[in-house]
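A.B. asks: Got a sequence here, can you model it:
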Amino acid sequence: MKITMVKKILRDGSPCKKCGEVLGYMEKGDQLRLMNEILVADERDPWSDGMLLAAELGVTQAPFFVVTHDDGSRKVYTIYLQFVKEVLALPVEEKDELKELLQNNPDLDFL
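C.D. replies: Residues are numbered from 1 along each chain as shown. Here you go, the predicted model:
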């Protein structure tokens, strides 16, 4: 299994806010060492590795994670805590997972 993380740099050269938050969580949890590759999707460079991969996979959110299995199949995760739970097999609080899901999908709401 290979894990690729893609983080984004905005047009003004600053890192995206969510990418910075996720990187902070990953550093705190010593998870960055589990990444095989970290690519940058630089909005100023449409040919940056991260931008090309995002276009190839049809991903419009950052950060995102691509898990490539030994059989060559790939799964994309745009929700960090779902990635942590399913791929890294670490415990995740359900309330935190739901909060991130809502933040990434503002069109959703609880009934």
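A.B. asks: Gly24 in helix, strand or coil?
C.D. replies: Following DSSP: H, G, I helix; E, B strand; the rest coil, the label given to Gly24 is helix.
A.B. asks: Tell me the spatial nearest neighbour of the residue at minimal distance from the centre of the chain, not counting adjacent residues.
C.D. replies: Geometric centre of the chain, nearest residue: Phe64, 2.2 Å, by CA atoms, centre = their mean. Nearest residue to Phe64, sequence neighbours excluded (CB to CB, 6 or more residues apart in numbering): Thr78, at 4.8 Å. For the C-beta atoms, the positions are set from N, CA and C on the backbone; glycine is no exception.
A.B. asks: and what of Gln31?
C.D. replies: Of all residues not flanking Gln31 in the chain, Leu88 sits nearest, at 6.4 Å (CB to CB, 6+ apart).
A.B. asks: Give me the distance between the two termini of stretch 5-15.
C.D. replies: From its first residue to its last, stretch 5-15 covers 14 Å (CA to CA, to the nearest Å).
A.B. asks: circling back to that earlier point, tell me the phi and psi of the residue nearest to the centre of the chain?
C.D. replies: phi -140, psi 160 (degrees, to the nearest 10).
A.B. asks: can you start the count at 33 instead of 1 from here on
C.D. replies: Will do, 33 is the new start, and the previous item becomes Phe96.
A.B. asks: So what sits opposite it in the bridge?
C.D. replies: With DSSP bridges applied, Phe96 shows beta-bridge pairing to Val38.
A.B. asks: what sits against it?
C.D. replies: Going by CB atoms under 8 Å, 6 or more residues apart in numbering, Phe96 touches 37-38, 86, 108-110.
A.B. asks: Pipe those into CSV and attach pLDDT, neighbour count and distance to Trp79 per row.
C.D. replies: What follows is the contacts of Phe96, written out as CSV (pLDDT from 0 to 100; neighbours: other CB atoms under 10 Å; distance: CB to CB, whole Å):
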residue, pLDDT, neighbour count, distance to Trp79
Met37, 98, 26, 19
Val38, 98, 26, 14
Ala86, 97, 21, 12
Val108, 98, 17, 20
Tyr109, 96, 20, 24
Thr110, 94, 17, 22
